[in-house]
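Visitor: got a structure for you, letters missing:
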């Protein structure tokens, strides 16, 4: 069975489309599957919408993405885990390629994102650079990671001492366990962060983390883009 795990915090605007895309892809594949939404302290209609779109909801109160993903994983029963962020659309091609990679002996892998909607002038250049680095380093984006349950449990899941970059740490741990694959197929994820924050703000937080080293991703106060109250997306209707 395939277990899709969707961490979510106040995602009422986007989670319905995310779940619809998961169901469509899984039905195309034809394999048994389940969808678990790990609802992390949402104050909007996220859990209700998730249930309306065919997901089982597990409530938690962590405000830490690594713990939320692990909570969702513990509630699943499948032997393949696919983590999909609540603002991300996957396709049949991504799911099929993920299963094919595992069938060839990989223990895990991931997909890199395309960004939906308009971006500031600097956005495409930055995202292209990030894409090249992540492919070179064989790092998966947290918005879409797949892994066998055996390997996930063997490496201890996502590192719960981290408030960010937990997916990169998981990638490194899985590479020590077996083959780890970055798919050619991409997912589509929200561009709201690059629309809601200025280049200066994003650079500020990136440098703060870089200079602090690993301690920087263990300190939520340095991770404002990830953990402060979400700003309105300029592209969304008011």
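Guide: Now that the structure is in, tell me what you want to look at. Remember, predicted model here, so these are calculated numbers, not experimental data. Residues are numbered from 1 along each chain as shown.

Visitor: For the residue nearest to residue 82 when sequence neighbours are not counted, list the residues it contacts.
Guide: Distances taken as C-beta to C-beta, 6 or more residues apart in numbering place residue 146 nearest to residue 82, at 4.6 Å, with adjacent residues excluded. Heads up, the C-betas are built off the backbone N, CA and C, glycines and all. Counting by C-beta atoms under 8 Å, 6 or more residues apart in numbering, residue 146 touches 80, 81, 82, 83, 98, 101, 102, 108, 109, 110.

Visitor: again, only this time at 10 Å
Guide: 2, 4, 80-84, 90, 94-95, 97-99, 101-102, 106-111, 140, 152, 181, 183 (C-beta atoms under 10 Å, 6 or more residues apart in numbering).

Visitor: same thing with residue 82?
Guide: 2-6, 22, 25-26, 33, 35, 76, 90, 94-95, 98-99, 110-111, 144-147 are the contacts of residue 82 under C-beta under 10 Å, 6+ apart.

Visitor: how does it look with 8 Å?
Guide: 2, 3, 4, 5, 90, 95, 98, 144, 145, 146.

Visitor: Residue 53: which of those residues is nearest?
Guide: Here the nearest of the contacts of residue 82 to residue 53, counting by C-beta to C-beta, is residue 4; it sits at 11.8 Å.

Visitor: Which secondary structure state does that closest one sit in?
Guide: At residue 4, secondary structure determined by DSSP: H, G, I helix; E, B strand; the rest coil is strand.

Visitor: and it, how many neighbours?
Guide: Residue 4 has 27 neighbours, counted by other C-beta atoms under 10 Å.

Visitor: just the helices in this protein please.
Guide: Secondary structure of the chain (DSSP state H): helices located at 15-29, 46-52, 65-74, 92-103, 123-137, 149-154, 166-177, 192-196, 199-212, 224-227.

Visitor: most packed of these?
Guide: Most buried of the helices of the chain by mean neighbour count (mean count of other C-beta atoms under 10 Å) is helix 65-74; its value is a mean of 23.

Visitor: List the contacts of the closest residue to residue 231 other than its chain neighbours.
Guide: Spatial nearest neighbour of residue 231, excluding adjacent residues (C-beta to C-beta, 6+ apart): residue 196 at 4.1 Å. Residues near residue 196 by C-beta under 8 Å, 6+ apart: 230, 231, 232, 233, 234.

Visitor: Repeat the analysis, applying 10 Å as the threshold.
Guide: Residue 196 touches 225, 230, 231, 232, 233, 234, 235, 236, counting by C-beta under 10 Å, 6+ apart.

Visitor: do residue 183 as well
Guide: Neighbour list for residue 183: 93-94, 97-98, 100-101, 109-112, 140, 144, 146 [criterion: C-beta under 10 Å, 6+ apart].

Visitor: Farthest-apart pair in those, please.
Guide: Comparing all pairs in the contacts of residue 183 by C-beta to C-beta, the longest separation belongs to 100 and 112, at 17.2 Å.

Visitor: any idea which helix or strand of the protein has the worst average confidence?
Guide: helix 199-212 (a mean of 76; mean pLDDT, DSSP states H and E).

Visitor: before we move on, the earlier item: okay if I get the helices of the chain as a markdown table plus distance to residue 59?
Guide: Shown next, in a markdown table, are the helices of the chain (distance: least, C-beta to C-beta, whole Å):
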| stretch | distance to residue 59 |
| --- | --- |
| helix 15-29 | 14 |
| helix 46-52 | 7 |
| helix 65-74 | 9 |
| helix 92-103 | 26 |
| helix 123-137 | 32 |
| helix 149-154 | 22 |
| helix 166-177 | 21 |
| helix 192-196 | 24 |
| helix 199-212 | 29 |
| helix 224-227 | 19 |
